[in-house]
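1. No sequence on hand, only this structure:
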């Protein structure tokens, strides 16, 4: 990314340098910020479609973690930049965190509210935010877990995420 | 603060250099701090400062970082050790971490003006490394109450929550306030703690791959 200049972007897009600057008066920094924003929004849109079928909170969390992990780990540009020059992209990427958390939380809250065996006094609003924070945390840094493995992901959801919503079930499942 | 005598031993010189480096960073940032500034701030000759920092600026920065990180971890472990129960220990540990980190002026400057230096250590592979280091350092503090697997899982969860709230604050959860961290712990950490059965398989014993060293820009 350090070597990609506004000139290269203009050439790749077959427009003039002046045109690029007309649309991105902030130059390269703005190009990076806007690109990160678009890519994030695009991934979120795909996530929305992917998890539409989830039947309960557990499924929704498993699907969200699996999809999110795949989206991050297979994003070639993101991976390349994270490996070679993370400092260039992370300020822009992490500035997306607050709305990403809020958006994820707003997807999770209806399923939290509908969950069976809810813990007494559960705060749906705060719990949705909490789960969204952890989902983002696990997607970006799985801590050695294999989120490509459905069963490992389900086990993570059951041990770290669901217990804050539901009281343990007697049959131990 | 300049050290008055030049006859100090190596440990004192080193301490003076560390303090001076932090003072310089809190004023000019990491990029603009050089060893000459640090020497002047420490009241040392250039030669003495360079002798005290044989690895140059990068090694000094790494050493200052390691020293500060160790101090933060110790403040957490001390706070946990003073607590009467697990929930209180976790809450006190998080609040202590927040207060200790908040007291480092150099860190405040860097977060504000040079965040690109910190963020790689708190996200993606850097967050994995951070979580591993935090788990290794702080798990023993919880074995008063938990078996090692549960202790490690609990440290990891608390560290994830801490980083998340530190980077993206929620006005309802002030990390420096032990009452608010206690609520966070009671609502969102204690329910996940399984004592002795089915620990989350993810908390692993192998360290993540080290980050490739980069040339100074």
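-> All right, it came through fine. Owing to the predicted nature of the structure, the values given are computational and were not obtained by experimental measurement.
2. Please make it C-alpha for all contacts and neighbour counts, starting now.
-> Will do.
3. Check the burial of the closest residue to residue B:174 other than its chain neighbours by counting its neighbours.
-> Of all residues beyond its chain neighbours, the one nearest residue B:174 is residue B:180 (6.2 Å), with distances taken as CA to CA, 6 or more residues apart in numbering or on different chains. Residues lying near residue B:180 (other CA atoms under 10 Å in any protein chain shown) number 16.
4. Let's test this: mean pLDDT of the helix or strand where residue B:180 lies, rounded?
-> Residue B:180 belongs to helix B:178-188 when assigned by DSSP states H and E. What helix B:178-188 shows for mean pLDDT is 96.
5. got a pLDDT number for the residue nearest the centre of chain B?
-> In chain B, the residue lying closest to the centroid (CA atoms, centre = their mean) is residue B:69, at 3.5 Å. For residue B:69, the model assigns a pLDDT of 95.
6. Point out the other helices and strands that the helix holding residue B:180 packs with.
-> helix B:86-102 (3 or more CA pairs under 8 Å, 6 or more residues apart in numbering or on different chains; DSSP states H and E).
7. on that earlier part again, what sits against the residue nearest to residue B:174?
-> Shown in contact with residue B:180 (CA atoms under 8 Å, 6 or more residues apart in numbering or on different chains): B:172-174.
8. quick one, phi/psi of residue A:157?
-> phi -60, psi -40 (degrees, to the nearest 10).
9. err, residue B:171, not the other one
-> phi -60, psi -20.
10. ditto for residue B:147
-> Torsion angles, degrees, to the nearest 10, at residue B:147: phi -70, psi 160.
11. Any stretches of chain B with poor pLDDT?
-> Along chain B, the parts satisfying pLDDT under 70 run over B:1-7, B:195-217.
12. Those residues of chain A touching chain B, which are they?
-> Applying CA under 8 Å from any CA of the partner chain, we find that chain A lies next to chain B at A:86-88, A:90-91, A:97-98, A:130, A:133-134, A:137, A:140-146, A:152, A:155-156, A:159-161, A:163-164.
13. Please check those and keep the buried ones.
-> Burial by neighbour count, 16 or more other CA atoms under 10 Å in any protein chain shown: within the residues of chain A next to chain B this picks out A:86-88, A:90-91, A:97, A:130, A:133-134, A:137, A:140-146, A:152, A:155-156, A:159-161, A:163-164.
14. What about these, which are in helices?
-> A:86-88, A:90-91, A:97, A:130, A:133-134, A:137, A:140, A:152, A:155-156 (DSSP state H).
15. Farthest pair within these?
-> Spatial extent of these (CA to CA) is set by the pair A:88 and A:155 at 34.8 Å.
16. List the buried residues of the top helix by length along chain A.
-> The residue-count maximum for a helix in chain A (DSSP H) belongs to helix A:27-50. Neighbour counts over helix A:27-50 (16+ other CA under 10 Å) mark A:28, A:31-33, A:36-37, A:40, A:44, A:47 as buried.
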